[in-house]
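Engineer: need a 3D model of the following:
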Amino acid sequence: MDVKVQKNLLCLSREAAEFGPFDAILELEGEPDALWFYREHVSRGVPCIWRGAVAHWPAVSKWSNDYLRETVGSKEVSVAITPNGYADAVREDLNRFVMPHDQLMPVSQLLDVIERKEDFPGICYLQRQNSNFMEDFAELWKDTDLDIAWASKAFGAQPDAVNLWIGDERAVTSMHKDHYENLYCVVRGEKHFILLPPTDRPLIPHMKYASARYQLDLASREFSVVDEKDHGVIPWIPLDPQKPDLNRWPQYRHAHPLRCTLKAGDMLFLPSMWYHHVSQSQGAIAVNYWYDMAFDMRYAYFQCMDAITDTVAEGNCCAVGDHDIEDEQELSTGKT
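Structural biologist: Next comes the predicted model:
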């Protein structure tokens, strides 16, 4: 019975991709109509890119490191610090989900570390997702928009959070999903995304990990990993979509990853519940806008699919692999 469930979940992923379009990310130009955007992309959960959407922002031409030092250099902000560039990610050698060491740091020092002007014992990333742009960087508001007007009209609300991201090429965001509609705008450098639709959930391995956090001793320049018992067990994705281990996770070969690169001035609409992995170029800067998702029937369907997938996995069944799909055509036509 469980093998049949696995095969049907595989068919769900494949058929959803056919209805997509999930073969490529649509690229657009110009400001969209709010109704069109909601109808064609939000309601269908389909990502898209607007090339040059925020190229008119003063930030795109002004936000050099010298300008940032002059404008906000003395401001202390919370910076995520790790030994390997992966904050909020799985350390399989420790069987832990490890969060970054958080440290208050002047923006000028963060920029020095990114530029390698300071020999700092860790990789720093401004990535605090608490609407840090609105909370900490009022001096920079004039260089951007505080919301995306046509998106706010489409969603009928202002952004729930606006976040500023500053890092170098070593900082990587491991694959995960968010309960937000995300408009992601690159101000400087490049951002590289790998996206997978929510219907690929049965093909993406999830495991449960004890929580831990990096601690950095500046005197010894060494990191330790300390358990965070208050956070409990965290479900996370151990697979790296940049180099997936298909021997360990053979079902992932049936997934539908989409890759795109955003350059300065570009905007990505990343629908809620889409899985994403993010890497970047040296000194990249971005601003993103999170709008609350609609917790509606689609969310209920996803939760059901998530629960079924977990139940099958907990039954110690093998993952869906090439050897399991001989009857895929029969299942897709409704024959069992």
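Engineer: so where do the strands sit in the stretch 101-250 of the chain?
Structural biologist: Here the stretch 101-250 of the chain has its strands, by DSSP state E, counting those that start in this stretch, at 101-106, 123-125, 161-166, 172-176, 180-188, 190-196, 207-217, 222-227, 233-236.
Engineer: give me the contact list for the third one.
Structural biologist: The list of residues contacting strand 161-166 from outside it, by Cβ atoms under 8 Å, 6 or more residues apart in numbering, reads 110-111, 114, 125-134, 136-137, 140, 146-147, 180, 283-290. To be clear about C-beta, it is placed using only N, CA and C from the backbone, and glycine gets the same treatment.
Engineer: likewise the fifth one?
Structural biologist: Strand 180-188 is contacted by residues 42, 53-54, 57, 59-60, 63, 144, 148, 151, 155, 160-161, 191, 262-272, 283-293 when judged by Cβ under 8 Å, 6+ apart.
Engineer: go on, the fourth one?
Structural biologist: Strand 172-176 is contacted from outside by 85-90, 127, 194, 196, 204, 236-237, 239-241, 275-279, using Cβ under 8 Å, 6+ apart.
Engineer: now with 7 Å?
Structural biologist: Residues outside strand 172-176 that contact it (Cβ atoms under 7 Å, 6 or more residues apart in numbering): G85, Y86, D88, A89, I237, L239, P241, Y275, H276, H277, V278, S279.
Engineer: neighbour count, pLDDT and distance to I49 added to those, as CSV?
Structural biologist: Output for the contacts of strand 172-176, formatted as CSV (neighbours: other Cβ atoms under 10 Å; pLDDT from 0 to 100; distance: Cβ to Cβ, whole Å):
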residue, neighbour count, pLDDT, distance to I49
G85, 20, 97, 25
Y86, 20, 97, 26
D88, 17, 96, 25
A89, 23, 97, 26
I237, 19, 98, 24
L239, 24, 97, 25
P241, 19, 97, 19
Y275, 22, 98, 17
H276, 21, 98, 13
H277, 21, 98, 16
V278, 22, 98, 14
S279, 19, 98, 17
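Engineer: sitting in strands, which of those do you find?
Structural biologist: Mapping those onto strands (DSSP state E) picks out Y86, A89, Y275, H276, H277, V278, S279.
Engineer: pick out whichever of the residues you listed sits closest to V5.
Structural biologist: V5 has its nearest neighbour among the ones in strands among the contacts of strand 172-176 in Y275, at 21.2 Å by Cβ to Cβ.
Engineer: about what we covered before: quick one: closest of the strands of the stretch 101-250 of the chain to V3.
Structural biologist: strand 207-217 (21.0 Å).
Engineer: quick one: strands adjacent to the closest one?
Structural biologist: Sheet partners assigned to strand 207-217 using DSSP bridges are listed as strand 96-99 (parallel), strand 222-227 (antiparallel), strand 233-236 (antiparallel).
Engineer: restrict that strand to CA atoms and write it as PDB.
Structural biologist: Output of strand 207-217 as PDB, limited to C-alpha atoms (Å, rounded to 0.1, in the frame of the first residue of the first chain):
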ATOM      1  CA  MET A 207      14.700  14.900   8.500                       C
ATOM      2  CA  LYS A 208      14.400  16.000  12.100                       C
ATOM      3  CA  TYR A 209      17.400  17.400  13.900                       C
ATOM      4  CA  ALA A 210      18.300  18.600  17.400                       C
ATOM      5  CA  SER A 211      18.900  22.300  17.500                       C
ATOM      6  CA  ALA A 212      22.300  23.800  18.100                       C
ATOM      7  CA  ARG A 213      24.100  27.100  17.700                       C
ATOM      8  CA  TYR A 214      27.600  28.200  16.800                       C
ATOM      9  CA  GLN A 215      29.500  30.100  19.500                       C
ATOM     10  CA  LEU A 216      32.500  32.100  18.500                       C
ATOM     11  CA  ASP A 217      35.300  32.800  20.900                       C
END
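Engineer: just want the angle from it to strand 101-106.
Structural biologist: Here the directions of strand 207-217 and strand 101-106 differ by 40 degrees (axes from the mean of the first three to the mean of the last three Cα atoms, to 10 degrees).
Engineer: just the buried residues of the contacts of strand 161-166.
Structural biologist: Taking 16 or more other Cβ atoms under 10 Å as the criterion, what is buried in these is 110-111, 114, 125-128, 131-133, 136-137, 140, 147, 180, 283-290.
Engineer: which of those residues fall in helices?
Structural biologist: L110, L111, I114, N132, F133, D136 (DSSP state H).
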